[in-house]
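>>> Provided below for reference: sequence and predicted model.
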Amino acid sequence: MPWDEETQEFIYAERPNKTLIKRELYALQALAKRIIALPAVHFDALPLSETMRDAFVLARRIERAALQRQIRYIAGRFDEEDIDAIELTMRRQNAPQKESVERLHRVEEWRDKLIAGDNALLTELVGQFEACDAQHLRQLIRNANKEAKNNKPPKSSRLIFKYLNELDEQQNQDT
């Protein structure tokens, strides 16, 4: 241990935080696994160097222990790549799927509220969608409530969902 004359203290060597290094390495390995699992169309759009692209193509062909070694190799080579750009591209590729899932959940919520008797939502939907037939929608809601009361299959509930989904798709295409 060297002695520092200015501060009159011993100088201790700073060593890297091994836990932090391992976490970063595991995160890079997880990213490599996600990239390997991407469909070819999405994989081609990633901003990768030719050597990394070749390493990923090889990783797609091998399996088991060799694949694990290849993933560790790729994770070690990520310092040459722009990881932020790669992750941004992957998030953008997944965005359309998230939007469609959110839209379907919104339509399901509308259907459930309409069946529960939310007349304010019905008025709002008729105002929001120009092609919405309020009389047809009210009939479907009455039928859905009747089917639920008589323990019949939810045919009208499905029809409400389909009708609202079509209206929402038409509006999204028009805008």
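That came through, no problem. Numbers count the residues shown, from 1 in each chain.
>>> can we go C-alpha only for contacts and neighbour counts from here?
OK.
>>> the helix or strand hosting Thr51: what's the following helix or strand?
Applying DSSP states H and E as the criterion places Thr51 in helix 50-61. If you walk from helix 50-61 toward the C-terminus, the next helix or strand you reach (DSSP H and E) is helix 65-77.
>>> so what secondary structure elements neighbour the longest helix belonging to the chain?
Looking only at the chain and at elements set by DSSP state H, the helix with the highest residue count is helix 83-116. For helix 83-116, the contact count by 3 or more CA pairs under 8 Å, 6 or more residues apart in numbering; DSSP states H and E identifies helix 119-128, helix 134-149, helix 155-174 as packing neighbours.
>>> need these in JSON lines (columns: mean pLDDT).
Written out in JSON lines, the entries for the helices and strands packed on helix 83-116 read as follows (pLDDT from 0 to 100):
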{"stretch": "helix 119-128", "mean pLDDT": "90"}
{"stretch": "helix 134-149", "mean pLDDT": "92"}
{"stretch": "helix 155-174", "mean pLDDT": "88"}
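>>> among the ones you listed, which is nearest Ile71?
Each of the helices and strands packed on helix 83-116 was scored for nearness to Ile71 using CA to CA, and the closest is helix 155-174 (41.2 Å).
>>> can you name every helix or strand that the closest one contacts?
With contacts defined as 3+ CA pairs under 8 Å, 6+ apart, the packing partners of helix 155-174 are helix 83-116, helix 134-149.
>>> now distance to Ile71 and mean neighbour count too, for those helices, in CSV please.
Rendered in CSV, the data for those read as follows (distance: least, CA to CA, whole Å; neighbours: other CA atoms under 10 Å):
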stretch, distance to Ile71, mean neighbour count
helix 83-116, 15, 15
helix 134-149, 53, 16
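>>> can you add distance to Gln8 and give those helices back as a markdown table?
Converted to a markdown table, those look like this (distance: least, CA to CA, whole Å):
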| stretch | distance to Gln8 |
| --- | --- |
| helix 83-116 | 44 |
| helix 134-149 | 83 |
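>>> for Gln29, which of the ones you listed is the nearest?
Each of the helices and strands packed on helix 155-174 was checked against Gln29 via CA to CA, and the shortest separation belongs to helix 83-116, namely 12.2 Å.
>>> circling back to that earlier point, so how far is the longest helix of the chain off the chain centroid?
8 Å (CA atoms, centre = their mean, to the nearest Å).
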